[in-house]
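Undergrad: Test case, fold it:
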Amino acid sequence: MLYVDAVRGFKNTAEALQEAVANPALATTLDSWNWYGLDPPGVGARYVGVIKIRETLARNAANGPNKIAMARSSILTAYAAWEHETRPALAAELGIDTNRITSPTFGDLNKYRQAVAHVSGRLDRATEVLNLVAVGDNVDLDEVALTTLFDALVLEVNRLAEAHCGLQLGHLFVKRTTH
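TA: Below is the predicted model of the structure:
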């Protein structure tokens, strides 16, 4: 949900700034400074960041650096959850060594993670199952690709639960009610 909340925030920020620039009464331009801080705006206000509006709009664009950073953070978080929570818990439940729980899908996720964490975002090894990024390309997943990735991860958890425990989890990212 952090990704979804952040992306909505990026969009709302961009829309608010575009409205401010379009409003002649505000005398705001693309080269106006946007101050971020803890205090109400004004002289003497403490701030933690300052950026021109045009730069803020570029950062919050549809496939801009903020969305890419959040998608990459989601990859790191998903792999950490698998490697440090889900996989060890499954192994403990089965009474087997963690290394006996393997998955080509999560192996590919680890390749994406390694690209993000260690190779400036560039995928340097071929994947087995996931084909969202070509070798040599950056792991810059848009919303559709990130959704596809998480669908694949959930389906893989379902497969592993059935293969190792005989459980039919049936988890999907599909709305099942009208609420």
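Undergrad: can you list the domain ranges for this structure.
TA: 2-59, 65-165 (automatic domain parsing).
Undergrad: Can you tell me which of those is nearest to His171?
TA: Closest of these to His171 is domain 65-165, at 5.2 Å (criterion: CB to CB). Heads up, the C-betas are built off the backbone N, CA and C, glycines and all.
Undergrad: In the protein, which helix is the longest?
TA: In the chain, taking DSSP state H as the definition, the longest helix is helix 143-165.
Undergrad: helices or strands next to it in the packing?
TA: helix 65-81, helix 87-94, helix 104-118 (3 or more CB pairs under 8 Å, 6 or more residues apart in numbering; DSSP states H and E).
Undergrad: my guess is Thr86 contacts Val157, does it?
TA: Yes: at 7.1 Å, Thr86 counts as touching Val157 under the criterion of CB atoms under 8 Å.
Undergrad: Tell me, how many residues neighbour the residue lying closest to Leu146 once chain neighbours are set aside?
TA: Distances taken as CB to CB, 6 or more residues apart in numbering put Ala71 closest to Leu146, at 5.1 Å, once the chain neighbours are dropped. The number of residues packed near Ala71 is 22, by other CB atoms under 10 Å.
Undergrad: Kindly report the same for Gly44.
TA: When neighbours are defined as other CB under 10 Å, Gly44 has 5 of them.
Undergrad: Now it, what are its backbone angles?
TA: The phi/psi pair for Gly44 (degrees, to the nearest 10) reads phi 90, psi 0.
Undergrad: Model confidence for the residue nearest to Leu146, exactly?
TA: With respect to pLDDT, Ala71 scores 95.
Undergrad: Please tell me how far it sits from Tyr47.
TA: 28 Å (CB to CB, to the nearest Å).
Undergrad: How about Ile101?
TA: Counting by CB to CB, the gap from Ile101 to Tyr47 is 48 Å.
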